[in-house]
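S.K.: A structural model of the following input is requested.
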Amino acid sequence: MTEFFQTYLGYGFGWFLATLILILMIALPLMLAVAMIIYADRKIWAAMALRRGPNVVGPLGLLQSFADGLKVFLQETIIPSSANRGLFLLAPIITFTVALIVWAVIPFGAGMVLADINVGLLYILAASSLGVYGVIIAGWASNSKYPFYSALRAAAQMVSYEVSIGFVLISVVLWAGTFNLTGIVESQKGLYGFVNGNGFNPLLFPMAVVFLISALAETARAPFDLTEAESELVAGYQTEYSSMSFALFWLGEYANVILMCALNAILFWGGYLPPIDWAPLYAVPGIIWLFIKILVFFFIFSWIKATVPRYRYDQLMRLGWKIFLPFSLIWVFLVSGFLMLTRYGGVQ
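M.R.: As a prediction, this is how the structure comes out:
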C-alpha cells in the first residue's frame, strides 16, 4: 500500500498518507475492541456471580459501553482548584497515548505489522514502561492524599514486576534468537513436529506462567489492583477525574490489558500460528488465530478478577521481589545453559 501511494503522490506525502491509514486501521478497531471487551468483562463477572450483567442498552446489552462513553463525553470536566492544571490534564493523555503506540510492532499475521523492527520486543518494554508516568503524574497533580498514595503504589508495583518480565523476555529471546516479534512467532513453528508455541516447551512453560501473573500486576488487574483499591483509596489515582479525562484512563487501561493478552499469545502460544502444525489449519487467516488466543487470555484475566481476592501490599511486593525475580533469573541461566549444550555445541 505504501508503494501505491508513493507512486501517485510522491515519496514523502505518499509514505505519510499510507502510514496514517495503517495507524487508523489499528487504532480504530482497537477502540471498538476496548468497548466490546469492557462489555465482555462485565458479562463474565456477572455470570460468575450468578447475575445478568448489562442487558438493557441494545440487544443483549451490547451497546452499554457506547452509552457509558456518551455519558462521560457529555459530562463536565471538573479540575480541583488545588490541582496542577497542566499536569492534571496531561496524565490521562500520556496513559492513553502510550497504550496505543505499543501496537505499532504487534504482528497480526505474516507481514501484517505496522513497524516490523528488529528490536520490537525492546520497543514494547520501553514504551510500556512509560505508562507508569501517567499514573504517577495523575496522583501527584491531583494534590489529594488518596491519589498520591495510589501513585506511589503504582510506581513500586510496576517497577517490581517489570524486572521479572524483563528476565522472562530474555529467556524467550535466547530461545528464538531475535528481538523481532515476527521472528519470535515463526521460531515457535513445528515444536515436536506437530505443535506451535513456546508454551508447549517444558523449559519455557514456567516462564509463560510467570509472564501471565506479572502481566496482571503490570496492568494493575485483580488480584494486584492495589492502585485502585476502592476499600482503601476510594478510586486511587482516578479519584479526582471526571468526564473524558476519566474515560482516557479506562481506554488506556483496557488497551494495555488487550496488549498483554496479545503478548502472552505471541511470546508463548504461537501468536498468529494455529495451535497445531497441520496444513489445513493454515487456511484460517493468522489474525483470526491471534484474535481467538487474545479472547482466551482475556477470559482468564476476567476469571481471575472475579474469583481471586485482592493481595495485601506486602504480599504483592514479596511475590515480585522474593519469588518471581530469583526464579526468573535462575531460569535464564537454565535456558542459556541448555542452549549452550545443545544448540551451540557446548562451551569451547
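
S.K.: By residue count, tell me the biggest helix in this structure.
M.R.: Of all the elements of type helix in the chain, the one with the most residues (DSSP state H) is helix 11-48.

S.K.: Report the distance from the next helix or strand after it to the chain centre.
M.R.: Beyond helix 11-48 in the direction of the C-terminus, DSSP states H and E gives the next helix or strand as helix 64-74. Centroid displacement of helix 64-74 relative to its chain, using CA atoms, centre = their mean, to the nearest Å, is 23 Å.

S.K.: And helix 64-74, what's buried?
M.R.: For helix 64-74, a neighbour-count test (16 or more other CB atoms under 10 Å) marks 64-65, 68-69, 72 as buried. Using the backbone N, CA and C atoms, a C-beta is placed for each residue, glycine as well.

S.K.: Turn those into JSON lines, columns for distance to Ala279 and pLDDT.
M.R.: What follows is those, written out as JSON lines (distance: CB to CB, whole Å; pLDDT from 0 to 100):
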{"residue": "Gln64", "distance to Ala279": "42", "pLDDT": "91"}
{"residue": "Ser65", "distance to Ala279": "39", "pLDDT": "88"}
{"residue": "Asp68", "distance to Ala279": "45", "pLDDT": "88"}
{"residue": "Gly69", "distance to Ala279": "43", "pLDDT": "86"}
{"residue": "Val72", "distance to Ala279": "48", "pLDDT": "84"}
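
S.K.: of all those residues, which comes closest to Lys293?
M.R.: Lys293 has its nearest neighbour among the buried residues of helix 64-74 in Ser65, at 22.5 Å by CB to CB.

S.K.: re the thing from before, and the buried residues of helix 64-74 as JSON lines, adding distance to Val132?
M.R.: Converted to JSON lines, those look like this (distance: CB to CB, whole Å):
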{"residue": "Gln64", "distance to Val132": "30"}
{"residue": "Ser65", "distance to Val132": "26"}
{"residue": "Asp68", "distance to Val132": "26"}
{"residue": "Gly69", "distance to Val132": "25"}
{"residue": "Val72", "distance to Val132": "24"}
